[in-house]
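**Q** how would this look folded up:
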Amino acid sequence: MPILRSHTVLFALLVAGTTGAFAETPLTQATDQRVDHRQDRQERRIDNGVSSGALTAPEARRLEREQSRIARAEGRAEADGKITPREAVALEKRQDVASRRIYRQKHDAQTRRP
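**A** Residues are numbered from 1 along each chain as shown. Predicted coordinates:
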């Protein structure tokens with residue numbers, strides 16, 4: 001009886017350890033890549049807005065500061081080696097808000113003086 005129990009416990013630990021490793025690694029990498037790619041795209045949108053004159057200097061500073069805050073939040077989320085699904089959702093929501101702000105600022109009546 002004790003041998004059977006020890007084998008069962010060992011098997012359960014092995015399965016739990018293996019499942020956790022496979023479940024977190026691809027998700028973490030995919031989430032990290034998606035967050036980084038989106039961050040890069042939004043920074044390019046800000047740069048394009050400055051180049052085209054659609055964003056004023058103060059608007060660009062605010063938007064870039066917001067991107068920096070999102071990058072710091074991503075760093076905090078990655079600090080333990082993985083981005084949990086809850087952290088990924090929170091980062092995506094912050095990026096959604098930032099994306100809307102970029103759009104609104106680029107399409108408002110303010111433009112950079114020539």
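
**Q** contacts only, for the most centrally placed residue in the chain.
**A** For the chain, the residue sitting closest to the mean C-alpha position, by CA atoms, centre = their mean, is V35 at 3.5 Å. Contact partners of V35, counting by CB atoms under 8 Å, 6 or more residues apart in numbering, are E74, I83, A88, L91, E92, Q95. Glycine gets a C-beta too; all of them are placed from N, C-alpha and C.

**Q** farthest-apart pair in those, please.
**A** Largest separation among the contacts of V35 by CB to CB: I83 and Q95, giving 13.0 Å.

**Q** what helix or strand is E92 on?
**A** helix 85-106 (DSSP states H and E).

**Q** residues in contact with that helix: which ones?
**A** By CB under 8 Å, 6+ apart, the list of residues contacting helix 85-106 from outside reads 27, 31, 35, 38-39, 42, 45-46, 49, 54-55, 59, 62-63, 66-67, 69-70, 73-74, 77, 83.

**Q** how close does I46 sit to H37?
**A** 15 Å (CB to CB, to the nearest Å).

**Q** just to revisit the earlier point, quick one: least confident of the contacts of V35?
**A** Among the contacts of V35, I83 carries the weakest pLDDT, at 89.

**Q** my guess is it contacts T31. True?
**A** Yes: the pair I83 and T31 qualifies as a contact (CB atoms under 8 Å) at a distance of 4.8 Å.

**Q** sorry, back to before: give the buried subset of the contacts of V35 as a PyMOL selection command.
**A** With 16 or more other CB atoms under 10 Å as the criterion, this PyMOL line picks the buried residues out of these:
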select buried, resi 74+83+88+91+95
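
**Q** can you list the buried residues in stretch 46-65?
**A** Burial within stretch 46-65, assessed by neighbour count using 16+ other CB under 10 Å, is assigned to I46, G49, V50, A54, L55, T56, E59, A60, L63, E64.

**Q** and the helix holding E92, which residues are buried?
**A** Neighbour counts over helix 85-106 (16+ other CB under 10 Å) mark E87, A88, L91, R94, Q95, A98, I102, Q105, K106 as buried.

**Q** can you check stretch 30-44 too?
**A** Buried residues in stretch 30-44, counting neighbours by 16+ other CB under 10 Å, are found at T31, D32, V35, R38, Q39, Q42, E43.
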